[in-house]
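> could you work out the structure for the sequence below:
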Amino acid sequence: MKTFWIRTVSAIVYVILFLGTMFSGVFTGNLQAGVLIFGAFLLFVTVGCSFEFLRMVGRQGAHPSRLLAYLFAVVGFLLLGIPSVMGLNVALFGYMVVFYCLFALSVIVQLWQHSEQPFREAAYTLVPLLYIAVPLALMLTLLQDRGPLVLLMVVAMVWVNDSGAYIGGSLFGRHKMWPRHSPGKTWEGTAFGVLVAILFAVFAGPAVSTIAWPHWLVLALICSIVGTLGDLVESMLKRSVGVKDSGSIMPGHGGFLDRFDSLLIIMPFVYFYLTVTDPDNAFFLILQLFS
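Residues are numbered from 1 along each chain as shown. Alright, predicted model coming up:
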């Protein structure tokens, strides 16, 4: 019973922080301030996820440059998130050049580290930037571009899928999906989670936004299928280093990565889909030229 209450209180605090900062612009009547508040929360999550990742790979004997990893993650988050907050349009080419420079710097630093696997260490140094900071920055950009209700729907679809998969697996689960990485997941539970997420999205999505239901159907498939794979990716990471949870920031629920694993994987896909299907976006116009 004590464990149940610890898990419950921990979950309530997490939801209040997450949704409270997400809707802080609505609560305060200042949408720009709300984006900054949510950005500060996501920056805190970026650092927390990066800490957990670096600690876990350290258990494998890896020695990435921790200082650079934190620096890249924070700078990457600000580089992608702040232009959105400030209403600026930074060219994609500029991002590519900056990310290449960061990669080059992470490799050059290895000249002084005397590591037997320098490119592995350089790759691990960049993972917090690519795996953590970029998706969370896109989450902040999505809030700025589409508003808190659309972002809430994206997060809710992940939660609904997870809940549906758990319930479906408990009731109908027979065939293991990926026992090597997640023994509890079943094909039946996963299919039930996808179905529930689709039903939720096509009915609730159009009610809270101007996005048509066919797009919500695709977004539900992204959030459920890609989100499930994202959960498996984090499970694979934890099993490779022999830990049950990525951290203990949330008693009874694990760490930052345990809570954001699915969102980290789906956000680039969600943002890309909403971008290329937006008639007012340049990507959409380019696609029209080839259609």
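> Pro183 - that's part of a helix, no?
No: using DSSP: H, G, I helix; E, B strand; the rest coil, the secondary structure at Pro183 is strand, not a helix.
> any idea of the pLDDT on the residue nearest the centre of the chain?
To find the centre residue of the chain, average its C-alpha atoms and take the closest one (CA atoms, centre = their mean): that gives Leu264, at 1.8 Å. The pLDDT attached to Leu264 in the predicted structure is 93.
> give me the element it is part of.
helix 256-276 (DSSP states H and E).
> same thing with Pro206?
When the helices and strands are read off by DSSP H and E, the one containing Pro206 is helix 187-208.
> outside of the helix or strand just after that helix itself, list whatever touches it.
In the C-terminal direction, the helix or strand that comes right after helix 187-208 (DSSP H and E) is helix 213-221. Taking CB atoms under 8 Å, 6 or more residues apart in numbering as the criterion, the residues outside helix 213-221 that touch it are 153-154, 157, 161, 194, 197-198, 200-202, 205-206, 270, 273-274, 277. (Glycine included, C-beta is placed from N, CA and C.)
> tell me what whichever helix in the chain runs longest is packed against?
Scanning the chain for the longest helix, with DSSP state H as the assignment, gives helix 31-58. Taking 3 or more CB pairs under 8 Å, 6 or more residues apart in numbering; DSSP states H and E as contact, the helices and strands that helix 31-58 lies on are helix 2-22, helix 24-28, helix 66-86, helix 118-127, helix 134-146, helix 227-241, helix 256-276.
> deepest-packed of those, please.
Sort those by mean neighbour count, taking mean count of other CB atoms under 10 Å, and helix 134-146 sits at the top with a mean of 23.
> where does pLDDT dip in this protein?
Judged against pLDDT under 70, the low-scoring parts of the chain cover residues 1-7, 83-96, 181, 251-253, 279-291.
> same thing but at 80, please
1-11, 82-103, 111, 113-115, 173-174, 177-184, 244-245, 247-254, 278-291 (pLDDT under 80).
> outline the domain layout of it.
Each domain of the chain is listed here as a residue range: 1-146, 147-291, per automatic domain parsing.
> same for the helix holding Leu264, what does it pack against?
Secondary structure elements in contact with helix 256-276, counted by 3+ CB pairs under 8 Å, 6+ apart, are helix 31-58, helix 134-146, helix 148-172, helix 213-221, helix 227-241, helix 282-289.
> one more pass at 6 Å, please.
Packing partners of helix 256-276 (3 or more CB pairs under 6 Å, 6 or more residues apart in numbering; DSSP states H and E): helix 31-58, helix 134-146, helix 227-241, helix 282-289.
> and of the ones you listed, who's closest to Leu80?
Between Leu80 and the helices and strands packed on helix 256-276, the shortest gap by CB to CB is with helix 134-146, which sits at 3.6 Å.
> tilt between that closest one and helix 148-172?
Relative orientation of helix 134-146 and helix 148-172, computed by axes from the mean of the first three to the mean of the last three CA atoms, to 10 degrees: 120 degrees.
> buried sites along the longest helix of the chain?
Buried residues in helix 31-58, defined by neighbour count with 16 or more other CB atoms under 10 Å: 34-39, 41-43, 45-54, 56-57.
> surely Phe72 and Leu102 touch.
Yes: contact criterion CB atoms under 6 Å: Phe72 and Leu102 qualify, at 5.3 Å.
> which ones are touching Gly39?
Gly81, Leu140 (CB atoms under 6 Å, 6 or more residues apart in numbering).
> residues in contact with stretch 149-164?
The set of residues that contact stretch 149-164 without belonging to it, under CB under 6 Å, 6+ apart, is 142-143, 192-193, 196-197, 200-201, 205, 208-209, 220, 223-224, 227, 262, 270.
> buried subset of those?
Applying a neighbour-count criterion of 16+ other CB under 10 Å, the buried members of these are 142-143, 192-193, 196-197, 200-201, 205, 220, 223-224, 227, 262, 270.
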